[in-house]
Structure formats: structure tokens, C-alpha cells
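Peer 1: coords below, sequence missing:
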């Protein structure tokens, strides 16, 4: 960051961190318990210190400049390390903690764990807000760049700067509408392969481990198409004769739509569920508490399956 030492002010870094997170002067003012005019003056000081507009108008909202986005991860890391320095004994008062955590997760994880996580956070740390981000169709360094604080789900990153923790394995189930022809007789690999299939893939893939398992048996299936998430696929399956897949933790979502789940008659590799975060959060007791919450919930879901 091109900020001269005479201009260095930790309060400006905190304000910049919040402004980049909220992309709104009014929302940042509310977070920092300032008036909007005071927040606007602070933004002016930040612009002067950085020699960059930082936030610019885009329609009715504001967006960060490329320079501000490039600084985002660095600013977040400095602010979080400063918080850790001033927290005594690695402890945090959850009742007075005011913070927003961004969680990266696929839609099934958000739907299956969201309510329980929001409930626990509200009970233990009422000043904390959670923001769930859906996975992108491309892999991005969201943890390294500070876009997300924690990733939950099938964590397959191999980035050396990311911490990962395996929590449980899960297997896939088949899912179809009630009364589907596949359910009229026992589901064999041959009958399973004979029906048209729908794939849920954030990358739009049209094949996967199921096709590999079928190929080992000399079988193939016809994939009719793909949608971007498992929750979206369930609505398509409800109103069609397509065959889909879902994880066991998503069974309540299927039950709510009147769908029927069944065991897949194939040898499929297990899905490894866990969480990931950037090492800059290791010494942050608030982030450690969030990891504890997520860990407890993911393990509890695993025990219930």
C-alpha cells in the first residue's frame, strides 16, 4: 500500500476494510457506529492517503476500484492481525463482538447447515453477521484474497497457503420423483443406467464418477443436461423423469419436495467434507470460534446420516 508513514492511521485501515466489505458508505457508517457525514470524511482521508478513489459510483451503488480490490486481502490481513494483538490471552467476548464473516459454500451446505449456524451464532454472538457466498463456476483464490473467511463443503484445494481440516466422508444417493418408473423394481446398475440423467455441476460438467463406475461394468448412461446446483436440480427432478444425485445431508431438501432417494448400485468414491481457511486467521480467536461452530455442525450432520 502506498501510504506514507505520516499518513498511517490504524482507524483508516479498519474503515477501509469495512468500506471494501460493504461497498456502501451508509452501511459502513452503521457498522462502525459513525454518522454518514463522518464516514464520508473518513473515505475522503482514505482517498487522499492512497491517491485512489477507492469506491466509485456504479448505478445506485458503489464498486471498488481495481487498486482497492488489489489491496483488499492485505488490508484484511493487517486488520485481523491487529485484532489478534490486542485480544488478551487469545480470548474474545462473543457477547460484544461485532463482525461480519463471509462463508464460501455450495448451496446444499448452505441449505443444510445455514439455519443451525445462524441460530448458534445469534445465540452466542448476537453482534456477528454471516454472509454465505455460493461457489463460482471457476476456482478462485477467495480465501487468500480475503473475499471469504471460511470455506465449507467438499474442499479440494491444494494451495499451500490454505489450511484444511477433514471432518467427515459422505456418499451420494440417487433421487427421482415419486412414482418414477425406476422405482417399480429393484434398482440395478443396468436399470439405473437405462434412464436419462441430470447432473448438478457448478462447472457445467456432463460426466463424472458415476460414468466411470458404469464404464467399469461395461455400461453407459445418457446425460440429458446439467444445472448449476443440487437444490436447483431437485426442482427439475420433481417435474420430470430424469434421475439425479444428491448428498445424504440434502435428503431433507428432497423430502420437502416429495422426492424419493435410493441407494446407487455402484462403487462410488466418498466425498470428503471439511473446511478451509487462510493461515492469517490462525491466531484470531473470533475466527477460531466460527471454526468450532462449523466443525460441530458438520460433525453432527455426519452422525445423523
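Peer 2: All right, it came through fine. Please read these numbers as outputs of a predicted model, since none were measured by experiment.

Peer 1: quick one: low-confidence parts of the stretch 51-200 of the chain?
Peer 2: The stretch 51-200 of the chain contains residues with pLDDT under 70 at 83-90, 136-139, 157-160.

Peer 1: thought residue 99 was touching residue 127?
Peer 2: Yes: with contacts counted by CB atoms under 8 Å, residue 99 reaches residue 127, the gap being 7.2 Å. C-beta: built from backbone N, CA, C; applies to glycine.

Peer 1: neighbour-wise, which of these two wins?
Peer 2: residue 99 (18 against 14; other CB atoms under 10 Å).

Peer 1: could you find the closest non-adjacent residue to the more buried one?
Peer 2: residue 128 (5.4 Å; CB to CB, 6 or more residues apart in numbering).

Peer 1: element containing residue 113?
Peer 2: Here residue 113 sits within helix 107-124, counting by DSSP states H and E.

Peer 1: what packs against that helix?
Peer 2: Applying 3 or more CB pairs under 8 Å, 6 or more residues apart in numbering; DSSP states H and E, we find helix 107-124 packed against strand 128-133, strand 150-154, helix 230-238, helix 251-256, helix 285-304.

Peer 1: so who does residue 120 touch?
Peer 2: Residue 120 is in contact with 293, 297, counting by CB atoms under 8 Å, 6 or more residues apart in numbering.

Peer 1: circling back to that earlier point, of all the helices and strands packed on helix 107-124, which lies closest to residue 93?
Peer 2: Residue 93 lies closest, by CB to CB, to one member of the helices and strands packed on helix 107-124: helix 285-304, at 9.7 Å.

Peer 1: report the angle between the closest one and strand 128-133.
Peer 2: 60 degrees (axes from the mean of the first three to the mean of the last three CA atoms, to 10 degrees).

Peer 1: list the buried residues in stretch 70-82.
Peer 2: Buried residues in stretch 70-82, counted by 16 or more other CB atoms under 10 Å: 71-73, 75-80.

Peer 1: taking those residues one by one, which sit in helices?
Peer 2: 71-73, 75-80 (DSSP state H).

Peer 1: just send these back as CSV, with distance to residue 210 too.
Peer 2: CSV is the format used below for those (distance: CB to CB, whole Å):
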residue, distance to residue 210
71, 44
72, 39
73, 37
75, 44
76, 40
77, 41
78, 46
79, 45
80, 41
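
Peer 1: widest-spaced pair of the residues you listed?
Peer 2: Longest span within those, CB to CB: 71 and 80, 14.4 Å.

Peer 1: list the contacts for residue 79?
Peer 2: 13-14, 17.

Peer 1: from residue 67, how far out is it?
Peer 2: Computed as CB to CB, to the nearest Å, the residue 79 to residue 67 distance reads 18 Å.

Peer 1: what's the answer for residue 102, then?
Peer 2: 21 Å.

Peer 1: so for the two, which sits in the more crowded spot?
Peer 2: Shown here are residue 102 and residue 67; by other CB under 10 Å, residue 102 has more neighbours (17 against 14).

Peer 1: would you confirm that the more buried one contacts residue 148?
Peer 2: Yes: counting by CB under 8 Å, residue 102 does reach residue 148; the two are 4.7 Å apart.
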